[in-house]
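*Asks:* here's my sequence, what's the structure:
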Amino acid sequence: MTETERPLHGFSHIIEVSEVGAEGVSGLIEAGEADLKAIAARCGVPALDQLSGAFRVTPVIGGADLRLDLRAVAQRFCVVSLEPMTEKINEAIDIRFRRDVVEDDEIDDVDEIIEPLDGDAIDLGELLVQYVALALDPYPRKAGAEAALDLYRDATSASPFAALKGLADRDP
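*Replies:* Below is the predicted model of the structure:
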């Protein structure tokens, strides 16, 4: 796929399952600088310094098996101190793509990811983006971070209700 043929939806790396030999195919995809900026905006993070995925696609009857080793480095803000911090993501993801998948509300095995294979293409770039979005900590906390409230709170009035404490003991 040439640069001018890239899909409009963003970072993409298409694997055609029918073109993968019986031994499978392995490789590494990495997001470039422009892709990192777009993906960071899509994921709602200040910046992504790195996004890559080592992959192995193995054809099987009725589809393909994918092993994706996701590596990412994201710049975030600590939810406690609001200080900038770095979040590193290293995840191994195994996905089974099948042509005959019937989506059911019942989840039989949560450890196994089975996706429908619609057509013949698997977009590894889009999968990387989706899985990095899922892997990001929803409440990133910097190691040793102290809440700003603790820095400014007076020890004698640790609670906003401390001033009311004496009122309950008074006689009417």
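*Asks:* what ranges in the chain fall below the confidence cut-off?
*Replies:* 1-10, 102-110, 147-172 (pLDDT under 70).
*Asks:* just the helices in it please.
*Replies:* Using DSSP state H, the helices found in the chain span residues 33-43, 124-135, 148-152.
*Asks:* Serialize those to JSON lines and add fields for distance to Gly21 and mean neighbour count.
*Replies:* All C-beta atoms are positioned from the backbone trio N, CA, C, and that covers glycine. Formatted as JSON lines, these follow (distance: least, C-beta to C-beta, whole Å; neighbours: other C-beta atoms under 10 Å):
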{"stretch": "helix 33-43", "distance to Gly21": "28", "mean neighbour count": "16"}
{"stretch": "helix 124-135", "distance to Gly21": "17", "mean neighbour count": "19"}
{"stretch": "helix 148-152", "distance to Gly21": "57", "mean neighbour count": "9"}
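*Asks:* how distant is stretch 20-29 from the center of its chain?
*Replies:* Put simply, stretch 20-29 sits 24 Å off its chain's centre (C-alpha atoms, centre = their mean, to the nearest Å).
*Asks:* ranges for the strands of this structure?
*Replies:* In the chain, the strands defined using DSSP state E lie at 14-16, 25-30, 47-60, 63-77, 84-98, 113-116, 121-123.
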